[in-house]
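Trainee: based on what follows, work out the 3D shape:
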Amino acid sequence: APMFAQRDFVYALEEELRVSSKPLKYRVKETRPEGAGLFRVFIDPFAYGARGLDESLEGAAAWWPGPPKGTADVLSVSAEHDQINIRYLTAPPPAQGSDISLYPPRYLEKLKEIWESPLVANKCLSWLGHVSSLAFPALPDIEEVSDFPNLRRRQRQAFGLLDREFGFLWGPPGTGKTYTLGAMLAHYLRRYPAARILLLSTTNSAVDLALISVDRHLEGIARADRSAALLRKQIKRIGHHFIAANYKEREHLLPAADPDLVTQIAALEALMPERSDASKYAAWKDKIEALRKQIPKPLREARLAAMTTTAATFHFSALQELAPYSLVVFDESSQVSLPHASVLAGLGKKTLFAGDHKQLAPIVQSDHPDAKKYLSVSMFDYMTVHNRCLLNEQSRMTEEICDIVSHVFYEGELMVADGCEDNALWRSERRSPPLPKIGSKRVHLEMCQEEGSFKLTRYGIGTRYKSAEYVSELASSCAAQIGEDSVLVLTPYRAQRALIKTFLRN
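Mentor: Sure thing, here's the model as predicted:
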């Protein structure tokens, strides 16, 4: 295993912070007052080569040179309209033709501070060295898991990871990774009545799904065993930014004294206005944030505490006081960088990483060699044949699609689960209608001979004109046959999306 030093991670985080928190500069095309101290600022997103707008810039700080120079909070952005909505201005808003700079939130600052502590850094590096030296025999087959009769063979085998100090639940798409993880954690809580679990994931949505999976399994067990019903009240979602609609009839997972509070938040979520409507969005955001702040954070009382990895970093001191947890679990762990994962993994006696390193990796903006070397890798670099369980049966994709995914990414190990092809409903839901230019094939590859362009255009950076033209013609002809709601177009670049949308509008 590679050996690291404290300075390696600190330097890497400094370099990434230098780039990721660098201000993004835009040219102002127009400013419109919205009332109540709100302004819509329409910008040219590519005048200075900055990246385009996206929702991650909500909460950024805005600055303009004036005269007079001023600052403001970014309430929201609307990439579709090249629009920034600002409030709490310290000066008149920027005028047409002037510049405005956005300073993104510095989420990595807290992680860097933690790594700057020699005591914590030495503990993390010691943990990394320890787990990389562990050797395990192959996971045995498990014939039966009490309370969970419907698990597939590899899903049952994954329960063997709970007896190990360190392991990986490798879940390709459609293999039931979240379902399996929920069953494993429900089983662990029941098997060890004094155990405490810290469940982490990269996004609020992923945390919600993982926690709800645990609760669903306990709910099923509770029909025959009342102790599981009591356990359901001891697993909690920590943090304000959960998706309240996910917790309908599961309000007990949120640490709110008043269940009506969750209902109110869910109702407000459903009424979220367009981000481009600055005044309505500001009023909505103030209301929902005020309600969210009433949700407490009872870390000490929770036998299973679920939160994002970013929130865990900001709660690190409180988590240290409660450590060691019996088990620290990372879901979607391929997206968690090595320094982030090793800091939080050290809070537990055992660690389980769930995810799929063939999907999203940690995002690194810096081109500095240190940032790329230390921040672009996840704990999956430490996965071996014997410390992992690969879930190899999936029930999402038809055989033709599964074969492509399996042979390109999973060395042919991924297959359609037993029983799917014999299930008439499963087959009917995946039957492909005959479509213009495609026929009834479930997978169709169309080669485009024209190279893509990464020069700046009116649509942004990253376009391929011929494929956009082809896709829009294909989407239009398919929509005419099966309806617009049945056609989905995916593309990796915002500029290509804008180009395709222009074709479709025309």
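Trainee: tell me, what residue is most central in this protein?
Mentor: In the chain, the C-alpha closest to the average C-alpha coordinate belongs to Thr203, at a distance of 3.7 Å (CA atoms, centre = their mean).
Trainee: any idea how far the residue located most distally from the centre of the chain lies from Ala95?
Mentor: Residue distances from the centre of the chain (CA atoms, centre = their mean) peak at Pro67, which lies 40.5 Å from the mean C-alpha position. Relative to Ala95, Pro67 is positioned 10 Å away (CB to CB, to the nearest Å). Where C-beta positions appear, they are placed from N, C-alpha and C, glycine not excepted.
Trainee: Ser276 too?
Mentor: For Ser276, the distance to Ala95 - CB to CB - is 21 Å.
Trainee: which residues touch Ile142?
Mentor: Arg156, Gln157, Phe159, Gly160 (CB atoms under 8 Å, 6 or more residues apart in numbering).
Trainee: identify the residue nearest it in space, chain neighbours excluded?
Mentor: Arg156 (4.4 Å; CB to CB, 6 or more residues apart in numbering).
Trainee: one more: Phe148?
Mentor: Closest to Phe148 by CB to CB, 6+ apart is Ala183, at 5.0 Å.
Trainee: measure the one you found to Val489 for me?
Mentor: 36 Å.
Trainee: which one of those two is surrounded by more residues?
Mentor: The neighbour count for Ala183 versus Val489, taken as other CB atoms under 10 Å, is higher for Ala183 (27 against 15).
Trainee: what about that one, which helix or strand?
Mentor: Taking DSSP states H and E as the criterion, Ala183 maps to helix 177-191.
Trainee: chain center to that helix, what's the gap?
Mentor: 21 Å (CA atoms, centre = their mean, to the nearest Å).
Trainee: buried set for it?
Mentor: For helix 177-191, a neighbour-count test (16 or more other CB atoms under 10 Å) marks 177-190 as buried.
Trainee: thinking again about what came up before, in ChimeraX, how would I select the buried members of the contacts of Ile142?
Mentor: To isolate the buried members of those in ChimeraX, using 16+ other CB under 10 Å:
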select :156,157,159,160
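Trainee: nearest to Phe409, of the contacts of Ile142?
Mentor: Closest to Phe409 out of the contacts of Ile142 is Gln157 (21.0 Å), distances taken as CB to CB.
Trainee: quickly find the element holding that closest one.
Mentor: Here Gln157 is assigned to helix 153-157, by DSSP H and E.
Trainee: for that helix, packing partners?
Mentor: helix 177-191, strand 388-390 (3 or more CB pairs under 8 Å, 6 or more residues apart in numbering; DSSP states H and E).
Trainee: let's see that with 10 Å instead.
Mentor: When contacts are defined as 3 or more CB pairs under 10 Å, 6 or more residues apart in numbering; DSSP states H and E, helix 153-157 sits against strand 166-170, helix 177-191, strand 388-390, strand 393-394.
Trainee: okay, now Glu450: neighbour count?
Mentor: Glu450: 11 neighbours (other CB under 10 Å).
Trainee: residue contacts, Ala468?
Mentor: The contact partners of Ala468, by CB atoms under 10 Å, 6 or more residues apart in numbering, come to 448, 459, 489, 491, 495-504.
Trainee: where in the stretch 151-300 of the chain is pLDDT low?
Mentor: Applying pLDDT under 70 to the stretch 151-300 of the chain picks out residues 257.
Trainee: likewise for the chain?
Mentor: For the chain, the ranges with pLDDT under 70 are 1-2, 257.
Trainee: just give me the longest strand of it.
Mentor: Longest strand in the chain, counting residues (DSSP state E): strand 24-35.
Trainee: after that strand, next one along is what?
Mentor: Taking DSSP H and E, what comes next after strand 24-35 is strand 38-44.
Trainee: now that next one: buried residues?
Mentor: Buried positions in strand 38-44, judged by neighbour count with 16+ other CB under 10 Å: Leu38, Phe39, Arg40, Val41, Phe42, Ile43.
Trainee: would you give the sheet partners of it, along with the direction of each?
Mentor: strand 24-35 (antiparallel), strand 83-87 (antiparallel) (DSSP bridges).
Trainee: follow-up on the earlier one: between Ser276 and Ala95, which one's more packed in?
Mentor: Ser276 (16 against 12).
Trainee: part of a strand, is that one?
Mentor: No - under DSSP: H, G, I helix; E, B strand; the rest coil, Ser276 falls outside any strand and is assigned coil.
Trainee: that one and Gln83 touch, don't they?
Mentor: Yes - using CB atoms under 10 Å, Ser276 makes contact with Gln83 at a distance of 5.5 Å.
Trainee: report the set of residues contacting both of the two.
Mentor: Joint contacts of Ser276 and Gln83 (CB under 10 Å, 6+ apart) are Arg40, Ser76, Val77.
Trainee: in CSV, list these along with distance to Lys349.
Mentor: As requested, the shared contacts of Ser276 and Gln83 are exported to CSV (distance: CB to CB, whole Å):
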residue, distance to Lys349
Arg40, 52
Ser76, 43
Val77, 43
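Trainee: tell me where the stretch 251-400 of the chain has helices.
Mentor: 259-270, 278-292, 309-314, 316-322, 338-345, 369-375, 399-409 (DSSP state H, counting those that start in this stretch).
Trainee: many thanks, we can stop here.
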